[in-house]
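K.L.:
sequence isn't available, so here's the structure alone:
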């Protein structure tokens, strides 16, 4: 089972800021594809941080993560952040 201590296994990490009326920072990290399920050692990390004026609420319960954003710029920067995160993780998984 993956645990946050496993972040040290991630050999590739990138961070990007997304700025409008708010500023959010996203970090992704991975050690890429490892040939199977969690027991084979592949780890992926995602972090979303409010750096300024992001109307954001996050909650977890059991096996569920929920993110609520308020405002037009939060929607726009969140879309940009998710697109960047997905593209970056895809590139990281295709590298040796």
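P.N.:
Yep, it's here. Nothing here was measured: the structure is a model prediction, and the numbers come from that model.

K.L.:
counting neighbours, what do you get for residue 60?
P.N.:
Using other CB atoms under 10 Å, residue 60 is surrounded by 8 other residues. For the C-beta atoms, the positions are set from N, CA and C on the backbone; glycine is no exception.

K.L.:
the closest residue to it other than its chain neighbours: neighbour count?
P.N.:
Closest residue to residue 60 apart from its sequence neighbours, by CB to CB, 6 or more residues apart in numbering: residue 66 at 7.4 Å. Residue 66: 9 surrounding residues under other CB under 10 Å.

K.L.:
then residue 92?
P.N.:
Neighbours around residue 92, by other CB under 10 Å: 20.

K.L.:
what comes into contact with the helix or strand harbouring it?
P.N.:
For residue 92, the host element (DSSP states H and E) is helix 72-94. Helix 72-94 has contacts (CB atoms under 8 Å, 6 or more residues apart in numbering) with 12, 14, 16, 18-24, 26, 28, 30, 32-33, 44, 46, 48, 54-56, 67, 69.

K.L.:
let's go with 10 Å and repeat that
P.N.:
Contacts with helix 72-94, where a contact means CB atoms under 10 Å, 6 or more residues apart in numbering, come from 10-33, 42, 44-48, 50, 53-56, 67-69, 71.

K.L.:
show me how far it is from its chain's centre.
P.N.:
8 Å (CA atoms, centre = their mean, to the nearest Å).

K.L.:
before we move on, what about stretch 40-51?
P.N.:
5 Å.

K.L.:
please apply the same query to stretch 14-21.
P.N.:
Using CA atoms, centre = their mean, the offset of stretch 14-21 from its chain centre is 12 Å.

K.L.:
repeat for stretch 21-29
P.N.:
9 Å.

K.L.:
pull out the buried positions in that stretch.
P.N.:
With burial defined by 16 or more other CB atoms under 10 Å, the residues of stretch 21-29 counted as buried are 22, 23, 24, 25, 26, 27, 28, 29.
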